[in-house]
Structures are given as C-alpha cells and as structure tokens.
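Engineer: Sequence and predicted model, in that order:
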Amino acid sequence: MSPRRSPSALTLRAAAGLLCLLAAFHAKADNVTDGPNVLLGGGVERMPAWMGSSEHRDQAVPYIQADLPWHITLSTLDGLTVDLIHGQQWRGGLYGNYLWGRDRDELDVPLAGVVDSLSPRLNGGGYLEYQATVQLNLGATLSHDTQGAGAYLNVYADYDLPAVGYIEHSLQLQWQGMNGPAMRRFFGVTPEQAAKLGVTPWSPGAGSQQVSLEYDAYIPTSVHTGFALAVNYTRLLGDAADSPLVRSFGTANQLTTTLAFVYRL
C-alpha cells in the first residue's frame, strides 16, 4: 500500500477555530434530533488515488458539519460558505473549498515520475442558492484557484429524504465544469509524457468535467454521538473522460465513500 497523507493543516486549524466559536454558547438536547446542527469528529475516506484513477486510497480525515453564527457554514464535504443575502429562499455570498492533488506514490507505475504530481489547492469564489421547497435546494458555486489558473463551476440540487426513524439522509446531484487550465492540470498529457507512456498527447479545453450523485446520512447512536456516512458516485465527462490517463490507466467511473464517528453539540 502507498503511504497516505495526514489530514490537511487547514482543516485542522478550521476545526480548532470552530471549537473556539462553539465555546461561546451551549445547547441542550432532549432527543437525538434536537439541538444545533454542529457535528465534529473523524473518520476515513476511501477515494480514487487520483482524479480518474481506477485504484483507491484510504485517507484519514477530520469531519466537520456546522452552521455557525454570522451566517457561516463549514463542512469538510461541501466547503465554507458565508451568506451575505440572508433571504428566506435566496442565499448567496462567499465560497471556499479544498481540492486534493496527487503525489508520486499515488500515481504508481507506470505514471509515477512521468506524469506531474499535483499539490492540494484552495479555491475561493462565490455561491448562490435557492430554497425551492422545504426539501429541495438548488444552487451553484463559481470558484478559482487561490494559487493557480484553474476555475470551476458547480451546479447542484440537494434533496432531503424522509427520515427513517432517527436517521436523517439526503441526495445531491451535481455537475461540474472546468476551464482549460484546470482540465489540463488534471487530465492533460504533454508530448514528452505521451512518448514515454505510449499514448497520444492530450491538451483538453474548457467544458464539462463530471456529474455526480451523492447519498449522505447521519445515524445517531445517542443524543450526542453518531455516524456520518457519505457515498459519492462520479462519472467523468467530455475531455476528462477522453484523456489517455483515464482511458489507458484509469476509469471514468469514480466512487468515494466516507465514514466518520461524530459528536453532535
């Protein structure tokens, strides 16, 4: 097995900051569904070794899902949002997230040492959401790498499923597009790399990159504890799916699962 990265320092700092914020207020719960929507914990995420890979790696991750004061939400799954609209149906404002990269060990043979390793990156931008019904939420995010030229557009729909006992669960359908630099960063193959790998050079342009369906569930084990589960199936599209990296060394079908034990405040 390849060595695994430790959880990101940024997420750990965010968790520490969240604990400081929560120290300012206290809430009591009479049953497992009462109380503020704040979940803190840790778990394991099983994800593709690199975007487009057919192999998987296990990543230890902190878990945060919190609605904070000042219209801030923080999630290790969905990123950071700051709502500047404060409407009953419309929300929107600042958005930020964390994008995994790939290292030499994760690329493995024959890609290691030929295909570029990619460091993780932060991206920031804005978001807009519309609460269509009590259960259905529609939205979009537009973001740009804070260090780099990549840009990303996400359009999504969240639907809260009827509770099963105390289990709260939902579905999310999401489409993502990338600009040319982001596409080439993850899926491009230079002529020199192509010659070493025995494939065709690939310089993708902007367009559809993936569509995904995710199931999320919170399964309480007591008033304050429970398990958080996320299962995400992603299908790469367009120039991403057609990349020689994906066609010859990976797969367009991507599956990510996350399981964490959490404490509910």
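Structural biologist: All right, it came through fine.
Engineer: where does the protein dip in pLDDT?
Structural biologist: Judged by pLDDT under 70, the chain has its weakly predicted residues at 1-36.
Engineer: Dead centre of it: give me the residue that sits there.
Structural biologist: Of all residues in the chain, the one closest to the mean position by CA atoms, centre = their mean is Leu77, 4.7 Å from it.
Engineer: The residue lying closest to it once chain neighbours are set aside: neighbouring residues, count only.
Structural biologist: For Leu77, ignoring the flanking residues on the chain, the nearest one in space by CB to CB, 6 or more residues apart in numbering is Ala230 at 6.0 Å. Using the backbone N, CA and C atoms, a C-beta is placed for each residue, glycine as well. Around Ala230 sit 19 other residues, with neighbours defined as other CB atoms under 10 Å.
Engineer: Quick check: Ala230 touching Ile219?
Structural biologist: No. Taking CB atoms under 8 Å as the definition, Ala230 is not a contact partner of Ile219, at 11.9 Å.
Engineer: For the residue nearest to Asp67 when sequence neighbours are not counted, give me its contacts.
Structural biologist: Taking CB to CB, 6+ apart as the measure, Asp67 lies nearest to Asn37, with 4.7 Å between them; neighbours along the chain are not counted. For Asn37, the residues meeting the contact criterion (CB atoms under 8 Å, 6 or more residues apart in numbering) are Gln65, Ala66, Asp67.
Engineer: Among these, which lie within strands?
Structural biologist: Assignment to strands by DSSP state E places the following of the contacts of Asn37 there: Gln65, Ala66, Asp67.
Engineer: Mind telling me what element the residue nearest to Leu77 is part of?
Structural biologist: Using DSSP states H and E, the secondary-structure element containing Ala230 is strand 225-236.
Engineer: buried stuff in that strand?
Structural biologist: Going by neighbour count (16 or more other CB atoms under 10 Å), the buried part of strand 225-236 is Gly226, Phe227, Ala228, Leu229, Ala230, Asn232, Thr234, Leu236.
Engineer: ok, Arg184 - how many residues close by?
Structural biologist: Around Arg184 there are 21 other residues, counting by other CB under 10 Å.
Engineer: Is the closest residue to Gly41 other than its chain neighbours in a helix, a strand, or coil?
Structural biologist: In space, Gly41 comes closest to Val262 once its chain neighbours are excluded; the distance is 3.2 Å by CB to CB, 6+ apart. Here Val262 takes the strand state, with states given by DSSP: H, G, I helix; E, B strand; the rest coil.
Engineer: Same check on Trp70?
Structural biologist: The local conformation at Trp70, judged by three-state DSSP, is coil.
Engineer: Please give me every residue in contact with the residue nearest to it when sequence neighbours are not counted.
Structural biologist: Nearest in space to Trp70, with sequence neighbours left out and distances taken as CB to CB, 6+ apart, is Val82 at 7.6 Å. Contacts were defined as CB under 8 Å, 6+ apart; by that measure Val82 touches Trp70, His71, Ile72, Gly93, Leu94, Tyr95.
Engineer: Gly148: neighbour count?
Structural biologist: 16.
Engineer: and if you look at the one 10 residues further on?
Structural biologist: For Asp158, the tally of surrounding residues (other CB under 10 Å) stands at 19.
Engineer: which residues does it bridge with?
Structural biologist: Here Asp158 sits in beta bridges with Asn137, Gln172, going by DSSP bridges.
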